[in-house]
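**Student:** Whatever this is, show me its structure:
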Amino acid sequence: MTDLKRAPEHRFTARDAMAGLSVALVLIPQSMAYAELAGLPAHHGLYAAALAPVLAALLASSPYLQTGPTALTALLTLGTLVPFAELGSARYVGLAALLALVVGAVRVAVGLLKAGWLSYLMSRPLMAGFTAAAAILILTSQIPGALGSDAPGGTVLARGTWALSNPGTWEWTSVALAVGTVAVILGGRKIHPLLPGVLLAVAVGMGYSVLTDYQGSVVGDVPVGLPPVTLDLPWSYLPQLILPGAVIAVVGFAEVASISRMFASEDREYWDSDREFLSQGVANLATG
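**Tutor:** Alright, predicted model coming up:
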């Protein structure tokens, strides 16, 4: 096991402010996209992104592990809740909030019980296969939107296949924007590893929409402010959500923790899985 030393005290600098601003600007469209991937209205992603990073930062130990939505967790949420309610309905939203509370409670319990070693039980082949399958579903789910195609309802794979096989429904401006986004992101990496290609792609896409008054598929109006805090949730479904919530708590954490653990080993810095479980759990509770 690598002997890691505790990270030295860090003084806030202008680079920290720039890094935080960059992450926030990317997090806005990312959180909305992952909310839709989880079957929720897009603006609910903003609610989650507003509170979770602030609270998690107070307890986290790793400077690399940023709190926010992940595609894997969004897909697991979708798979858990689809049997219980219609996508985007009020009951579905309530179930998602309740599931977030379950995930948060499990993660807080793991952190308090010093059981962070659970994140090491996920084998590399298992995570690689799971992540690859998630990537296929994520890519397929974005095909209709990228092509501007109004695919009929059905499974993610069915909608993506339908959009690809019906080029007559494509909206060519959407196709051009999708291709341009991929080009900016991949080209930025070739120019320099630290060039924020994702941030540039977001800025270019927003700039184009504003300058040309683009009338393609849009999210729609985003409600101003945060929703009221309430405990009026579908508690009768709690027994059915405990096991899926525990799985999401561990599997979702293992994916992002592996990245943090890798950087901690390379830089020989301190990383505490118990504290990270606790910080992520508090963030889930606040989000729910």
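**Student:** Dump stretch 43-54 to CSV, restricted to CA.
**Tutor:** Extracted C-alpha coordinates of stretch 43-54, given in CSV (Å, rounded to 0.1, in the frame of the first residue of the first chain):
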residue,chain,number,x,y,z
HIS,A,43,-34.1,22.2,-14.0
HIS,A,44,-34.0,19.7,-11.1
GLY,A,45,-30.4,19.2,-12.0
LEU,A,46,-29.7,22.8,-11.1
TYR,A,47,-31.3,22.3,-7.7
ALA,A,48,-29.0,19.4,-7.0
ALA,A,49,-25.9,21.2,-8.3
ALA,A,50,-26.6,24.3,-6.2
LEU,A,51,-26.3,22.7,-2.7
ALA,A,52,-24.3,19.5,-3.0
PRO,A,53,-20.8,20.9,-3.8
VAL,A,54,-21.0,23.5,-1.1
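**Student:** Output the lowest mean pLDDT helix or strand found in the protein.
**Tutor:** helix 124-147 (a mean of 78; mean pLDDT, DSSP states H and E).
**Student:** which is the next helix or strand following that one?
**Tutor:** The first helix or strand that comes after helix 124-147 along the chain, using DSSP states H and E, is helix 156-164.
**Student:** how far off helix 124-147 does the lengthiest helix in the chain point, in degrees?
**Tutor:** The longest helix of the chain (DSSP state H) is helix 238-267. Angle, helix 238-267 to helix 124-147, by axes from the mean of the first three to the mean of the last three C-alpha atoms, to 10 degrees: 100 degrees.
**Student:** Run through the stretch 1-150 of the chain and note the low-pLDDT ranges.
**Tutor:** Scanning the stretch 1-150 of the chain for pLDDT under 70 picks out 1-10, 64, 119-120, 122-124, 126-127.
**Student:** Go through the least confident helix or strand of the chain and flag the buried ones.
**Tutor:** Phe130, Ala134, Leu137, Ile138, Thr140, Ser141, Gln142, Ile143, Pro144, Gly145, Ala146, Leu147 (16 or more other C-beta atoms under 10 Å). Quick note: C-beta positions are derived from backbone N, CA and C, even for glycine.
**Student:** Repeat that for stretch 149-166.
**Tutor:** Ser149, Ala151, Val156, Arg159, Gly160, Trp162, Ala163.
**Student:** try stretch 239-257
**Tutor:** For stretch 239-257, using 16+ other C-beta under 10 Å, the buried residues are 241, 244-246, 248-257.
**Student:** quick check, distance from that stretch to the centre of its chain.
**Tutor:** Put simply, stretch 239-257 sits 14 Å off its chain's centre (C-alpha atoms, centre = their mean, to the nearest Å).
**Student:** outside of that stretch, which residues touch it?
**Tutor:** 65, 70, 72-73, 76-77, 80, 84, 95, 98-99, 102-103, 105-107, 110, 118-119, 122, 127, 130-131, 273, 276-277, 280-281, 284 (C-beta atoms under 8 Å, 6 or more residues apart in numbering).
**Student:** Repeat the analysis, applying 6 Å as the threshold.
**Tutor:** With C-beta atoms under 6 Å, 6 or more residues apart in numbering as the test, stretch 239-257 has contacts from Leu72, Thr73, Leu76, Thr80, Leu99, Val102, Val103, Val106, Arg107, Leu118, Ser119, Met122.
**Student:** same deal with stretch 186-203?
**Tutor:** Under the contact criterion C-beta under 6 Å, 6+ apart, stretch 186-203 has outside partners Ser22, Leu25, Val26, Pro29, Thr181, Val184, Ile185.
**Student:** try it again with 8 Å
**Tutor:** Ser22, Leu25, Val26, Pro29, Gly180, Thr181, Val184, Ile185.
**Student:** what do you get for stretch 92-101?
**Tutor:** Residues outside stretch 92-101 that contact it (C-beta under 8 Å, 6+ apart) are 38-41, 44, 48, 77, 80-81, 84-86, 232-235, 237-238, 241, 244-245, 248, 284-285, 287-288.
**Student:** Please repeat the previous calculation with a cut-off of 6 Å.
**Tutor:** Leu40, Leu81, Phe84, Ala85, Leu233, Pro234, Leu241, Gly245, Asn284, Thr287, Gly288.
**Student:** just stretch 275-288 next, same as before
**Tutor:** Contacts of stretch 275-288 (C-beta under 6 Å, 6+ apart): 48, 51-52, 55-56, 59-61, 67, 97, 100-101, 103-104, 107-108, 110-111, 116.
**Student:** ok, the closest residue to Gly154 other than its chain neighbours to Leu177 distance?
**Tutor:** Excluding its sequence neighbours, the residue lying closest to Gly154 (C-beta to C-beta, 6 or more residues apart in numbering) is Trp162, at 7.5 Å. According to C-beta to C-beta, to the nearest Å, Trp162 and Leu177 sit 21 Å apart.
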